[in-house]
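Undergrad: can't give you the sequence, but here's the structure:
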Ligand code: SF4
């Protein structure tokens, strides 16, 4: 997936011009390292998405990271209990900037069918979410679609966004410390 055609480029005879920002964004979007935070059935769908039939590696995502410190996409797939909420938040905080979050399935996005005292009614109560994938469970095609939407966000994110007041306010609203100055 070279994707140079996705960048805004100026073509001349024997040369091609673009901005450093676009080059970095394209490189980032095509080399995302996901951290799977899978707790139940949606996690099994994610495993199928990684398998040979759907082959997530096609999109530069061959390597799963099981350490938050070496991951830039947190994929939350499954039911998250209220007790697990602080652990999820800790994993998010340990990831370096820039980082993105994909919420896979009804449980992660809204608590799903588990409208009970023990289940978190959506992970966006503890961490910011970039893309939600609906379904119970979502099919691998839907998960891939969600990941493609994350790639679009990564490709079009300005380099300064993580230092913006808007982003700092977002993190502050979750009581999370920002890495930016
Ligand atoms: S959304 Fe449905 S399939 Fe996914 S974890 Fe919840 S109950 Fe299981």
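TA: Yep, it's here. Bear in mind that the values here come from a model prediction, so they are computed numbers and not experimental data.

Undergrad: what's the local residue count around residue 57?
TA: 11 (other C-beta atoms under 10 Å). Just so you know, the C-beta spots here come from the backbone N, C-alpha and C atoms, and that holds for glycine as well.

Undergrad: would you mind measuring from residue 13 to the ligand?
TA: 54 Å (C-beta to the nearest ligand atom, to the nearest Å).

Undergrad: and the closest residue to residue 161 other than its chain neighbours, what element?
TA: Spatially, and ignoring its direct neighbours in sequence, residue 161 is nearest to residue 167 (5.8 Å; C-beta to C-beta, 6 or more residues apart in numbering). Per DSSP states H and E, residue 167 falls inside helix 165-173.

Undergrad: from memory the residue nearest to residue 161 sits against residue 176, does it?
TA: No: the pair residue 167 / residue 176 is not scored as a contact, 10.8 Å apart, by C-beta atoms under 8 Å.

Undergrad: and the strands in the chain?
TA: Assigned by DSSP state E, the chain shows strands spanning 10-12, 15-17, 34-38, 73-77, 100-104, 131-133.

Undergrad: compile these into CSV and extend it with columns for mean neighbour count and mean pLDDT.
TA: Formatted as CSV, the strands of the chain follow (neighbours: other C-beta atoms under 10 Å; pLDDT from 0 to 100):
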stretch, mean neighbour count, mean pLDDT
strand 10-12, 8, 87
strand 15-17, 9, 88
strand 34-38, 21, 96
strand 73-77, 26, 98
strand 100-104, 25, 98
strand 131-133, 22, 98
